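> need the 3D shape of this:
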Amino acid sequence: MKRKLLRFASYLAVAGLASALTLGVNWWLGDYSKLEQLESLIEQLYIEDVDLTTVEDYAAEGMIAALGDRWSYYIPASEYQSYQEQSENAYVGIGITIIQAEDGSGLEVVEVQPEGPAMEAGMQPGDLITAISDQSAVGMTTDEARNLVRGEEGTFVSITVRREEQELNLSVKRARIETVVASGQLLDGNIGLVTISNFDQRCAQESISAIEDLLNQGAEKLIFDVRFNPGGYAEELVKLLDYLLPEGNLFQTVDSMGRQTLDTSDEKWLDVPMAVLVNADSYSAAEFFAAALQEYEAAVIIGEQTSGKGYFQNTFPLVDGSAVALSTGKYFTPKGVSLEGVGITPDILSTVDEDTYWQIYYNQIPPEEDPQIAAAVAALNG
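Numbering: from 1, shown residues only. Got it, this is the predicted structure:
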C-alpha cells in the first residue's frame with residue numbers, strides 16, 4: 001500500500017511539474033502570433049543548439065511556398081546583394097563566365113568579358129580554372145567559385161588556370177563590371193541581330209543603341225533574340241516598345257488593389273521587317289515584348305512556346321537583410337490578353353536538340369550555325 005501511495009505521489013509531482021511548465025510557457029508567450037510562439041519555444045526549450053536564422057529562413061520560404069504561386073520567392077540575406085547586382089546588371093568581380101568541367105577537374109572559362117579584369121590579366125576562353133585563392137577548384141560549384149572570386153572593388157584574387165600543357169598563376173584585380181544587356185551583330189544579307197539578355201536596368205538604352213548602330217551599318221531587317229531572357233522591369237520594356245511600334249496601346253497592368261495602368265506609344269516608330277526569337281526560357285517582359293510585336297503584326301515570332309509568366313513582383317526588404325519578391329499584380333498584352341500559364345505561341349515553330357540548346361545558352365555557336373537564327377533569316381527573306 002505504501003509503495004502505491006509513493007507511486008501516486010510521483011505521478012502528481014510529474015503532473016504538477018508539467019502543469020507548471022505549461023502555465024509558465026502560456027504566461028511567457030503572452031499574445032504573440034503563432035510563428036512568434038513557435039520561435040520562442042524553440043529558442044528557450046529545444047534541447048539542442050539551433051540556428052534561428054536558418055529556422056526563420058525555412059519558415060519564410062514555407063510561407064511563400066504555401067501561396068502556391070510559382071513566381072513569388074524568398075531571398076535570404078546572404079543572397080540579397082547578388083540579387084540586387086543582377087537587377088542592376090552590374091557586380092564587383094573579374095568578368096568571366098564559367099561552367100563545371102565535365103570530368104570535374106575544375107571550372108571551364110567559356111567567356112571572358114572584353115576589356116574586363118580577367119582579360120587584362122591574360123585569361124582566355126577555354127582556360128581551365130584549377131584553383132581560386134589557393135583553394136582547389138576540383139569539384140567546386142560555380143556558386144562556390146563566384147563567392148570566392150567576388151569581393152571588394154580594387155582588391156586582388158589569385159587564380160590558377162591550365163591552358164593546354166601550361167599552368168598559369170594569375171592575379172586579377174576585382175572591379176565593378178557592367179554586364180552587356182544588349183548587343184548587335186550585322187549578318188549576311190543586311191540583317192541585324194540584336195541579342196537582349198534581360199529587361200533590367202539599361203535594357204532600353206542599350207537595345208536602341210544597338211539597333212541604331214546596325215541601321216547605320218546598313219541593316220535593312222532586324223532579328224531580336226530574347227531566348228533565355230528572364231524579363232525585368234516594365235519601364236524598360238515600354239521604352240523599347242515605344243521606339244519600335246506606332247501609336248497605340250503597349251502594355252497593361254492591374255495590381256492587387258485593383259488599380260489599372262495603360263502604357264501607350266507615340267506616333268514615331270521603326271518601319272523595318274522584324275523577327276523575334278523565343279524559347280521556353282523566355283519569361284515575363286521578354287514574352288510581352290514578343291506579344292506586342294506579334295499583335296501589331298510588326299514581327300514574325302520564331303522558336304518555341306514561352307514560359308507563360310503573367311504576374312509581376314515587387315521586392316520588399318525585411319528587417320534581417322533578407323527580402324521577398326511577392327506577386328502583386330498582373331500583366332496584359334496591348335489587346336488585354338493574359339499570358340499567365342499560356343505564353344506565346346510562335347508563328348513559326350523551330351526547336352533544337354539538347355546539345356544545341358546549351359551551345360546557344362553559353363554563346364558557343366556562331367549565328368550562321370544556329371538553326372533558329374537561320375529560320376528567322378529565312379522568314380525575313382521569304
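
> every contact and neighbour count from this point should use C-alpha atoms.
Fine.

> not counting its neighbours along the chain, what's nearest Gln113?
The shortest distance from Gln113 to any non-neighbouring residue, by Cα to Cα, 6 or more residues apart in numbering, is to Gly95 (5.2 Å).

> repeat that for Ala286.
Gly231 (5.1 Å).

> run through the residues that contact the one you found.
Residues counted as contacts of Gly231 (Cα atoms under 8 Å, 6 or more residues apart in numbering) are 198-200, 282-287.

> phi and psi next, for Ala234.
The phi/psi pair for Ala234 (degrees, to the nearest 10) reads phi -60, psi -30.

> okay, the nearest residue to it once chain neighbours are set aside: pLDDT?
Spatial nearest neighbour of Ala234, chain neighbours left out: Ala285 (6.7 Å); criterion: Cα to Cα, 6+ apart. Looking at Ala285, its pLDDT stands at 97.

> from memory Ala285 sits against Leu237, does it?
Yes - using Cα atoms under 8 Å, Ala285 is in contact with Leu237, at 6.4 Å.

> which residues do these two both contact?
Phe199.

> so for the two, which sits in the more crowded spot?
Between Ala285 and Leu237, Ala285 has the larger neighbour count (other Cα atoms under 10 Å), namely 27 against 22.

> can you pull the contacts of that one?
199, 230-234, 237.

> got the residues you listed as a markdown table, with distance to Glu297, pLDDT and secondary structure columns?
Output for the contacts of Ala285, formatted as a markdown table (distance: Cα to Cα, whole Å; pLDDT from 0 to 100; DSSP: H, G, I helix; E, B strand; the rest coil):
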| residue | distance to Glu297 | pLDDT | secondary structure |
| --- | --- | --- | --- |
| Phe199 | 22 | 97 | strand |
| Pro230 | 24 | 96 | coil |
| Gly231 | 22 | 96 | coil |
| Gly232 | 24 | 95 | strand |
| Tyr233 | 24 | 95 | coil |
| Ala234 | 21 | 95 | helix |
| Leu237 | 18 | 98 | helix |
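
> please name the residues that touch Gly308.
283-284, 287, 339-344.

> keep only those of those residues that are in helices.
With DSSP state H as the criterion, helices contain Glu287 from among the contacts of Gly308.

> narrow the contacts of Gly308 to those that are buried.
283-284, 287, 339-340, 343-344 (16 or more other Cα atoms under 10 Å).

> rewinding a little: out of the contacts of Gly231, who's nearest Val112?
Nearest to Val112 out of these is Asn198 (Cα to Cα; 19.1 Å).

> how close does that closest one get to Glu236?
With distances taken as Cα to Cα, to the nearest Å, Asn198 is found 10 Å from Glu236.

> fine by me, we can end here.
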